[in-house]
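**Student:** any chance you can model this:
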Amino acid sequence: MPAPATRFALDIASNQPHFDDHMIKSMTGFAAVAGEVPGGRFALELKSVNHRYLEFQTRMPEDLRTHEPQMRELVAGALSRGKVDCRVTFAAVATRDSLKPNEDALNALAETQRQILGMFDAAPLSVWEVMHAPGVMSAEALTTDAAKEALLTLVKKALDELNATREREGAKLATMITERLDRIDALVKQVTPFIPGLVAAYQEKLSQKLNEAMLGAASDERVKQEVVLFASRIDVAEELNRLTTHVSEVRRVLKSGGAVGKRLDFLMQELNRESNTLGSKSVSTDTTNVSIELKVLIEQMREQIQNIE
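**Tutor:** Model (predicted):
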C-alpha cells in the first residue's frame, strides 16, 4: 500500500490518483518527475494553465504514442478543466543494440531524400538528422511492458505533484481574497456613519438658503419634505447590507472549498453591482472614495478568481 505520509494515495480499485475535493485549487501548476527503466531514463513534465475546458497535449517519442489514451484517461480522472501540456523525453543508455539503426526506416528515409533532391536543389541530410529521424534508431526500450508501466506510473506521480502545487497556490489565493474581504467589511463600517451626518448637514444648509431667499419665512414643513427626499436619494443602507451579505457568502464558499470558481465569479458581479449603486448615490468625497476603493478591491479579487478551478 502507498505510504500514509503521501497526501495523494493511489486508489487500488480504480488505479486512479485520489485527490482532496474540498480544497480551493488554482488552475495553474507544474510538475516534473523522472524514473529509470531498463535501457534508459524517462523524464516527464506537466504544465497546467487556465482554460475553459480540459485540453491535453503531449510531446513524446513516437514509440510511446500507443500509451496516450491511458495517459488521457489518468489526466481526465484527476483534472476537470485546464490546458495541460505533457512533455516526455527518454534518454537511452548507449549500448550496442541501442545504436543499431532500423534498416527499413533508413531505406525509406533514403528513398524519400532521393525523390526530394531530384525535385529541389537542397542539401542532403546530415548524420545527426538521419539518426534523429522518427523510427530510424532502435527504440526497443520504449516498446516493452516495463516502459509502459514506468510511463503511466510517472504520469500518476506527476498528477499528484501538479495537484499539490495547485492546492498550495489555491490556498494563497484564498488568503489574498480573504484579506480583501476584511478590507471591504472595514469600508462598510466606515461609510455607515457618514449618511446621518450628510442628511443633517443638508438640512442645515437648506434651511439657511431658504431663510435667506424668503427673508426668514421658510416653512419647516417645506424643509422637512426636501430633507426626506434627499435622505431617500442618498440612502445606501440596503446596498451596505447586501455588500455585507455577499461578503459573508464569499467567505462561506471559500471555506467549503472544491470547484467554486464560477460561484465566486458570480458573487464578484453582485459585489460590483452594489458598489456601482453606492457610487451613483454618493454626494460626498468620502463615500465616493469608499466606492472607488471597493471597486478596486472587487476587481483584484475577480482577477484572481478567474484562476480558481
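**Student:** which intervals of the stretch 51-200 of the chain have sub-threshold pLDDT?
**Tutor:** Along the stretch 51-200 of the chain, the parts satisfying pLDDT under 70 run over 93-100, 135-144, 194-200.
**Student:** tell me which other helices or strands the strand or helix carrying Ala76 touches.
**Tutor:** Taking DSSP states H and E as the criterion, Ala76 maps to helix 68-78. If you count contacts as 3 or more CB pairs under 8 Å, 6 or more residues apart in numbering; DSSP states H and E, helix 68-78 packs onto strand 16-17, strand 54-59, strand 82-92, helix 145-191. (Glycine included, C-beta is placed from N, CA and C.)
**Student:** chain center to that helix: distance?
**Tutor:** Averaging C-alpha positions (CA atoms, centre = their mean, to the nearest Å) puts helix 68-78 20 Å from its chain's average.
**Student:** got it, and stretch 170-179?
**Tutor:** Centre-to-centre, stretch 170-179 and its host chain are 13 Å apart (CA atoms, centre = their mean).
**Student:** give me the buried positions along that stretch.
**Tutor:** Gly170, Leu173, Ala174, Ile177 (16 or more other CB atoms under 10 Å).
**Student:** among the helices and strands packed on helix 68-78, which is nearest Glu68?
**Tutor:** Comparison of the helices and strands packed on helix 68-78 against Glu68 by CB to CB identifies strand 54-59 as nearest, at 6.0 Å.
**Student:** tell me which strands and helices that closest one is in contact with?
**Tutor:** helix 68-78, strand 82-92.
**Student:** one more pass at 10 Å, please.
**Tutor:** Applying 3 or more CB pairs under 10 Å, 6 or more residues apart in numbering; DSSP states H and E, we find strand 54-59 packed against strand 40-49, helix 68-78, strand 82-92.
**Student:** next structured bit after the last one?
**Tutor:** Once strand 82-92 ends, the next helix or strand along the chain (criterion: DSSP H and E) is helix 103-119.
**Student:** please name the nearest non-neighbouring residue to Ile116.
**Tutor:** Nearest residue to Ile116, sequence neighbours excluded (CB to CB, 6 or more residues apart in numbering): Ala122, at 6.4 Å.
**Student:** and His51, by the same measure?
**Tutor:** Excluding the flanking residues, the one nearest His51 by CB to CB, 6+ apart is Lys83, at 3.8 Å.
**Student:** quick one: neighbours of the one you found, just the number.
**Tutor:** 17 (other CB atoms under 10 Å).
**Student:** and it, how far is that from Met71?
**Tutor:** Distance from Lys83 to Met71, counting by CB to CB, to the nearest Å: 15 Å.
**Student:** so what's the nearest residue to Arg72 once chain neighbours are set aside bridging to?
**Tutor:** Once flanking residues are discounted, Arg72 sits nearest to Phe56: 5.5 Å by CB to CB, 6+ apart. Beta-bridge partners for Phe56, by DSSP bridges, are Val84.
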